[in-house]
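Student: Next comes the sequence, and after it the predicted model I'd like to discuss.
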Amino acid sequence: MAIALLGFQTTIATPLSLTGIGVHSGRQVTLNMLPAEAGAGIVFVRQHDDGSATELKAVSSQVGNTDLCTVLGFSPAHSIATIEHVMAAIYALGIDNLVIEVDGAEMPIMDGSSEAFIDAIEEVGIVNLGVKRRYIRVTKPVRIESGASWSEFRPYDGTRFEVEIDFDTPLIGRQKWEGDLTASTFKRELSRARTFGFMRDVERLWAAGFALGSSLENSVVISDDNTVINVEGLRYEKDEFVRHKTLDAVGDLALAGAQFIGCYRSYRGGHKMNANALKALLSDPTAYEVVEAPARSLQARAREFVAVNVPEFAPWSA
């Protein structure tokens, strides 16, 4: 059965606040989410110690470094890192407009998943703004490759992810998650999947100034003998790893600046592949169309959405 898509823009009902540790900086950071009006999009505001602020729209054109996480901005002094987990929660819950204030250089990692963000948003509630939401509908395949890795968008009657990973370790090996993305599916099957890493990489990352806040409280850690160090083990039997990679993909593709209708597939991908695939799609005007729900429908099937002539609609640009 085709999944109904929301026809109107949303925001959160009331402000919320969360505090945690930055996984790379190791410093405490607080974020505040504030409701925003229709058409505002998702906007991050980094508060600096001197009272100034850097505003960054959560869109593809503002993506900088993608080596270990997704970073908005191109200067370390005016950027915000590790946005993918909060963006995944925002996208999965269907929130279009939001201001996210943060008093540090990166998002708090919380428990390494999206669960804390989902819980906080659902606690304050989501409101319908009564203004039509526009979607980006994929109309033809767009594919990129890098060595053995590839990512692609394909037309699909809904929003679907098919993510496959292949690690040279028997604990992970080759894993795949695939499914239509809804709020309930994300919460049940993806939201609690944590970021993961290998003990053998820790000293190298520390020496480079990364993963200073990483711990067993916010990461799944794999030992040199290919076992999970965390006492509680995995949250999803055997395949928490690919579920987290899918969570990351949801967050990275949220930087289209609008929900998309189509299928995203990847093999041995990551933040860089996700970002480059999205840019490849959005740079080809023949590969997508902008659509919205017919009439004043609260919800509609994906196939019922109609193309609209809005040449100025480019939410992925700052």
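Tutor: Received, thanks.
Student: May I see the buried residues of stretch 212-220?
Tutor: Using 16 or more other C-beta atoms under 10 Å as the test for burial, stretch 212-220 gives Gly213, Ser214, Asn218, Ser219, Val220. The way it works is simple: take the backbone N, C-alpha and C, and place the C-beta from them, glycine included.
Student: Tell me the helix or strand right after the longest helix seen in the chain.
Tutor: With DSSP state H applied, the helix covering the greatest number of residues in the chain is identified as helix 240-253. Tracing the chain past helix 240-253, the next element assigned as helix or strand by DSSP states H and E is strand 260-267.
Student: Check which helices and strands that next one sits against.
Tutor: In terms of contact count using 3 or more C-beta pairs under 8 Å, 6 or more residues apart in numbering; DSSP states H and E, strand 260-267 is assigned the packing partners strand 134-138, strand 149-154, strand 159-166, helix 240-253, helix 271-282, strand 288-292.
Student: let's go with 10 Å and repeat that
Tutor: strand 134-138, strand 142-146, strand 149-154, strand 159-166, strand 174-180, helix 240-253, helix 271-282, strand 288-292 (3 or more C-beta pairs under 10 Å, 6 or more residues apart in numbering; DSSP states H and E).
Student: circling back to that earlier point, and of the buried residues of stretch 212-220, the nearest to Ser114?
Tutor: When the buried residues of stretch 212-220 are compared for distance to Ser114 (C-beta to C-beta), Asn218 comes out closest, at 12.3 Å.
Student: Can you classify the closest residue in space to the closest one that isn't next to it in sequence by secondary structure?
Tutor: Using C-beta to C-beta, 6 or more residues apart in numbering and skipping residues adjacent in sequence, the residue nearest Asn218 is Gly112, 4.0 Å away. When classified by DSSP: H, G, I helix; E, B strand; the rest coil, Gly112 comes out as coil.
Student: what's the burial count for Val228?
Tutor: Residues lying near Val228 (other C-beta atoms under 10 Å) number 16.
Student: The helix or strand bottoming out on mean pLDDT in the chain: which residues count as buried?
Tutor: For the chain, the helix or strand with the lowest mean confidence is helix 202-207, at a mean of 76 (criterion: mean pLDDT, DSSP states H and E). The neighbour-count check on helix 202-207 (16+ other C-beta under 10 Å) flags Leu205 as buried.
Student: Remind me what whichever helix or strand comes after it packs against, helices and strands.
Tutor: Downstream of helix 202-207, the next assigned helix or strand under DSSP H and E is strand 220-222. Secondary structure elements in contact with strand 220-222, counted by 3+ C-beta pairs under 10 Å, 6+ apart, are strand 196-198, helix 240-253.
Student: Quick one: closest of those to Leu68.
Tutor: When the helices and strands packed on strand 220-222 are compared by C-beta to C-beta, strand 196-198 sits nearest Leu68, at 9.6 Å.
Student: For that closest one, buried residues please.
Tutor: Under the neighbour-count criterion of 16+ other C-beta under 10 Å, strand 196-198 has Phe196, Gly197, Phe198 buried.
Student: Next: stretch 237-251.
Tutor: Taking 16+ other C-beta under 10 Å as the basis for neighbour counts, the residues of stretch 237-251 that come out buried are 239-251.
Student: Relative to Val63, tell me which of the helices and strands packed on strand 260-267 wins on proximity.
Tutor: Set against Val63 and scored by C-beta to C-beta, the helices and strands packed on strand 260-267 come closest in helix 271-282, at 5.1 Å.
Student: What are the neighbouring residues in contact with the residue nearest to Asp103 when sequence neighbours are not counted?
Tutor: The shortest distance from Asp103 to any non-neighbouring residue, by C-beta to C-beta, 6+ apart, is to Gln47 (4.8 Å). With C-beta atoms under 10 Å, 6 or more residues apart in numbering as the criterion, the residues that contact Gln47 are Thr30, Asn32, Ala53, Thr54, Glu101, Val102, Asp103, Gly104.
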